[in-house]
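Undergrad: Just a sequence and a predicted model for now, questions to come.
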Amino acid sequence: MEDSQIRSLIISLLIGLIIYMAGLIVRKNPPEMINSLYGYRTKRSMKNQLLWDEANKYSAELMMRYGMLYALIGSILSLLFNGKYISIVIFGMILVPITLLIIKTEKRLKKLDEEIGEIE
């Protein structure tokens with residue numbers, strides 16, 4: 001294994017672990033009240049307490065799932081490819097789980113918000 005592969009493997013595992021741990025922290029210690037410091041904060045998630053709670057619960061689960069997937073996919077790529085640019089590619093891959101997290105959480109919140117509107 002070349003140095004670039006080892007470096008990429010370490011980066012993949014660390015980033016995956018950080019994403020996973022962030023999700024675990026939010027799942028174990030969800031923010032109780034809507035705030036501007038901690039939790040999944042978007043205009044929609046901060047609209048009311050129900051959306052806030054669901055956003056933080058759901059996004060925490062996604063972060064844990066995406067963290068494990070990121071570590072796995074990044075590790076496989078690290079082992080299959082070598083070269084000085086693989087670390088940059090693996091580091092740049094972080095945009096994928098972040099984007100998916102936002103899209104999926106906002107879609108879920110939109111559906112929940114519409115259901116609440118129908119009830120009221």
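TA: Done, it's in. These numbers were taken from a predicted model, which means no experiment stands behind them.

Undergrad: Contact partners for Tyr20?
TA: Contacts for Tyr20 (Cβ atoms under 8 Å, 6 or more residues apart in numbering) come out as 63-64, 67-68, 71. Where you see a C-beta, it was placed from the backbone N, CA and C, and this is true even at glycine.

Undergrad: now it: how far from Glu2?
TA: Using Cβ to Cβ, to the nearest Å, one gets 27 Å for the distance from Tyr20 to Glu2.

Undergrad: returning to that earlier point: from the contacts of Tyr20, which is closest to Glu114?
TA: Met63 (24.6 Å; Cβ to Cβ).

Undergrad: Next step: the contacts of Tyr20 restricted to helices.
TA: Among the contacts of Tyr20, the ones falling in helices (DSSP state H) are 63-64, 67-68, 71.

Undergrad: What subset of the residues you listed is buried?
TA: Buried members of the ones in helices among the contacts of Tyr20, scored by 16 or more other Cβ atoms under 10 Å, are 63-64, 67, 71.

Undergrad: which of those residues lies closest to Thr105?
TA: Met63 (9.9 Å).

Undergrad: Need the per-residue pLDDT for that closest one.
TA: Per-residue pLDDT puts Met63 at 97.

Undergrad: hmm, back to that, identify, from the ones in helices among the contacts of Tyr20, the entry nearest to Lys28.
TA: Among the ones in helices among the contacts of Tyr20, and counting by Cβ to Cβ, the member closest to Lys28 is Met64, at 10.7 Å.

Undergrad: Was I right to think the closest one contacts Val26?
TA: No. If you go by Cβ atoms under 8 Å, Met64 and Val26 don't touch, sitting 9.1 Å apart.

Undergrad: Run the chain-centre distance for the host helix or strand of Tyr58.
TA: Per DSSP states H and E: Tyr58 is located in helix 49-80. Computed by Cα atoms, centre = their mean, to the nearest Å, the separation of helix 49-80 from the middle of its chain amounts to 4 Å.
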